[in-house]
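>>> give the three-dimensional model of this entry:
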Amino acid sequence: RQIERPRPVPPDVAFVVKGLRGSAYLARRGARIVHREAWGRGTIGAAEVERLLAVLLDLHRSRAVDEVWAVYTQFHSPIRRVPRVLRLLPVELPAPRPAGDEIDRWTYEPAARDLLGELLEIYLRAQLCDVLLESYASEQGARMITMEEASERADRTLQECRVQHNRLRRESITIDLLGSLFASRAIEEQAASPGRPA
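Next up, the predicted model:
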């Protein structure tokens, strides 16, 4: 049976990676990693979100990338985590309303382009925060389940060791008792026949 090899990563795809294991996995496959950082020890902070937001916006605004996708693990419960792919940029806006609609009577300040530019950062910040929190919760859920399973295995092993220890202890006590019985019988036999040499 032939083992399927992982497909090579296309050279026109760039990666922004959160986590050292994911970074090592992609590096082994020759992926182009433009930014990488490790997970912190605590929960997700605003500084991490802002740092990743700046990297993604710079890549998109400088036209280094055409699209930005987030690949992460969506948390449902500690035992259920689902891989998810989400397109972050460009944002798909709803189709414009037909001319003559009631909304055309209003004038907007500031201009729509300025307003959308400001809202884009707020939207991306919220999406990134959600992606990072879902990934973090998934990792903690996986760790919790792993630790519970490890504790159960350790308890089972400890119980097996206790049973084996008690069995060996009983065998040792039985051997000691048998030794004492044989020794006492030998002493009794020697006392019963005084003319017999020891």
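
>>> tell me how far Ala154 lies from Gln164.
15 Å (C-beta to C-beta, to the nearest Å). (Glycine included, C-beta is placed from N, CA and C.)

>>> oh sorry, the question was meant for Ala191
41 Å.

>>> flag the shaky bits of this structure, pLDDT-wise.
1-6, 96-108, 194-198 (pLDDT under 70).

>>> where do the strands of it begin and end?
Counting by DSSP state E, the chain has strands at residues 14-18, 32-37, 68-77, 80-89.

>>> ok, which of those comes nearest Ile44?
Nearest of those to Ile44, taken as C-beta to C-beta: strand 14-18 at 9.8 Å.

>>> now do the contacts for Thr146.
By C-beta atoms under 8 Å, 6 or more residues apart in numbering, the contact list for Thr146 is empty.

>>> how far away is it from Ala24?
Counting by C-beta to C-beta, the gap from Thr146 to Ala24 is 20 Å.

>>> equivalent analysis for Arg153, please.
Counting by C-beta to C-beta, the gap from Arg153 to Ala24 is 27 Å.

>>> likewise for Val17?
9 Å.

>>> again, but for Ala150
Taken as C-beta to C-beta, the span from Ala150 to Ala24 is 24 Å.

>>> what residue lies at the spatial centre of the chain?
With distances taken as C-alpha atoms, centre = their mean, Glu139 lies nearest the centre of the chain, 3.0 Å away.
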